[in-house]
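> Here is my input; please provide its structure:
(one chain, ligands or ions: 1)
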Amino acid sequence: FFHTEIPEGLRRLPGPKPLPIIGNVLEVGSKPYLSLTAMSKRYGHIFQIQIGMRPVVVLSGSETVRQALIKQGEEFAGRPDLYSFRFINDGKSLAFSTDQAGVWRARRKLAYSALRSFSSLEGTTPEYSCVLEEHICREGEYLIKQLNTVMKADGSFDPFRHIVVSVANVICGMCFGRRYDHNDQELLSLVNLSDEFGQVVGSGNPADFIPALQFLPSKTMKKFMNINARFNTFVQKIVSEHYATYDKDNIRDITDSLIDHCGDRKLDENSNVQMSDEKVVGIVNDLFGAGFDTISTALSWSVMYLVAYPEIQERLYQELKNNVGLDRTPVLSDKPNLPFLEAFILEIFRHSSFLPFTIPHCTSKDTSLNGYFIPKDTCVFINQWQINHDPELWKDPSSFNPDRFLSADGTDVNKLEGEKVMVFGMGKRRCIGEVIARNEVYLFLAIIIQKLHFHTMPGEPLDMTPEYGLTMKHKRCHLRATMRARNE
Ligand code: HEM
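Sure, this is the predicted structure:
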């Protein structure tokens, strides 16, 4: 790469000098969102590093990222062939695999339409506007009960441990038509260990770039493979049960609708993309995985920010009390009347930037960006954290201040400010679960803030340091919650 001929009129990318074999691994370090943000100040919004033997282009700045992912979307929409990605969903993941553009596009379309139809489906009772709302309201109520039980028994609770089960149940409802008990060991052991997954697939994991490391024993890598294997077995078992009870006149959930699609496709002689049934039904694996880890991380961080900023928690509660009341559970249609809650969520997304980089991208052909030459098959990191903390875009970016998203009189969310926050990626690979995710984070929060008051443990300082990964988590900890009295 460093010796590549640069076509006339284009420039060679700037960047730090790499060491032999390890490249810039030492400078990238264990907090790539910070080190690569610092490098963007020195080298600009487009520069190149080398991780191990492999060159990586790092993009920052909202204009440069927009140029690559939207204006030149086709050229930047690939995924690199990374070692760890081969173990996800048996190498057949929609989000991580190196599928040909045509196959990826067809699978993405299928996934998107399955998600859309099974979240907007009518609820089982007229009380709910759609099944998504129904699942979240039910799970929200179970969560409150569960937290009360745990508080009575132990005097404190671990937020991630309980939230993740509630969130997993919402996506399980849509994908598999079933939910799990909060003490179900099989589900718990799967969803509660997702930390290792994120740590391995986070941008910049040296084992993905230095082939020799793949042959050295690594505890994290072993755990990662183990999680993937268990995850696949879990989904495979449910899929087999669906095949055994499948009835084309009664499509129960997303798994059924994907099985149904395999049948339709065989009848459709014009379908020009060849895909195995496994690749079609395997989509459910991606939806389930992406659907619980991201949203539970967002909610768990939200609870941390609530206890870190008690005055904000109080304002959110008063907004709910005034605009929804205390006599009924909040619903999706209350959202426009809760601008402070929406501003709070935007500020959580921005300030925590818990998805600091998108999933790595890859160029599909030789290209250029801002006058710099980038060869085909170059791995590209998109630094979302940098955009969300760019002093060019944000006043006082390091302070947590939801008011930055509100109009001066506090009654409206400034939509343009909100759109500057980048957590779902952009362009062709943009997250397909965004609408569900935004609705789910909003509704779960509205439900729990209306009923519960969260506190820190006396004498235990709150640790808000993120642990680096694809989704960054806070350290596991214990908090307290008390039921709100009606006169609060
Ligand atoms: C991809 C963020 C929730 C399904 C992504 C990407 C990001 C992201 C940053 C990668 C974009 C890129 O590579 O450029 C989030 C956040 C969420 C969330 C912050 C929650 C707060 C969900 C949910 C689902 C989902 C609920 C599905 C139920 C997917 C899928 C992809 C994806 C399938 C891969 C798309 C592709 O490669 O074409 N998401 N996501 N996500 N997300 Fe989400």
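> Any idea which residue of this structure lies closest to the ligand?
Gly433 (2.1 Å; Cβ to the nearest ligand atom). Heads up, the C-betas are built off the backbone N, CA and C, glycines and all.
> ok, that residue - contacts?
By Cβ atoms under 8 Å, 6 or more residues apart in numbering, the residues touching Gly433 are 115, 287, 290-291, 294.
> give me the subset of those touching the ligand.
Among those, proximity to the ligand is found for 115, 287, 290-291, 294 (Cβ under 6 Å from any ligand atom).
> Let's verify Thr98: helix, strand, or coil?
Classification of Thr98 using DSSP: H, G, I helix; E, B strand; the rest coil returns coil.
> Which element, helix or strand, includes the residue lying closest to it once chain neighbours are set aside?
Spatial nearest neighbour of Thr98, chain neighbours left out: Asp81 (5.0 Å); criterion: Cβ to Cβ, 6 or more residues apart in numbering. Counting by DSSP states H and E, no helix or strand carries Asp81.
> can you give me phi and psi for Asp81?
The phi and psi values for Asp81, taken as degrees, to the nearest 10, are phi -90, psi 90.
> Check whether it really touches Phe96, as I assumed.
No: counting by Cβ atoms under 8 Å, no contact exists between Asp81 and Phe96, whose distance comes to 10.2 Å.
> of those two, who's got more company?
Legend: neighbour count by other Cβ atoms under 10 Å for Asp81 and Phe96, higher for Phe96 (23 against 13).
> got a pLDDT number for the closest residue to that one other than its chain neighbours?
Once flanking residues are discounted, Phe96 sits nearest to Phe85: 4.2 Å by Cβ to Cβ, 6+ apart. Note for Phe85: predicted pLDDT of 88.
> try the one 10 residues further on
Per-residue confidence at Ala95 stands at 95 (pLDDT).
> do the same with Gln146
96.
> That one - how many residues pack around it?
20.
> residues in contact with it?
162, 165-166, 182 are the contacts of Gln146 under Cβ under 8 Å, 6+ apart.
> so which helix or strand takes in it?
Using DSSP H and E, Gln146 sits within helix 131-154.
> Same check on Asn439?
Counting by DSSP H and E, Asn439 is found in helix 434-451.
> Quick check: next helix or strand after that helix?
Assigned by DSSP H and E, the successor of helix 434-451 is strand 452-455.
> Following element in sequence after that next one, please.
Following strand 452-455 toward the C-terminus (DSSP H and E): strand 466-467.
> which residues in this structure form strands?
46-51, 54-59, 361-362, 367-369, 372-374, 379-382, 452-455, 466-467, 473-474, 480-483 (DSSP state E).
> Sheet-wise, list the partners of the fourth one with their directions.
In other words, strand 367-369. Strand pairing for strand 367-369, determined by DSSP bridges: strand 372-374 (antiparallel).
> show me the contacts for the residue nearest to the spatial centre of the chain.
For the chain, the residue nearest the mean C-alpha position is Thr294 (3.6 Å; Cα atoms, centre = their mean). If a contact means Cβ under 8 Å, 6+ apart, then Thr294 has 355, 433, 437, 471 as its contacts.
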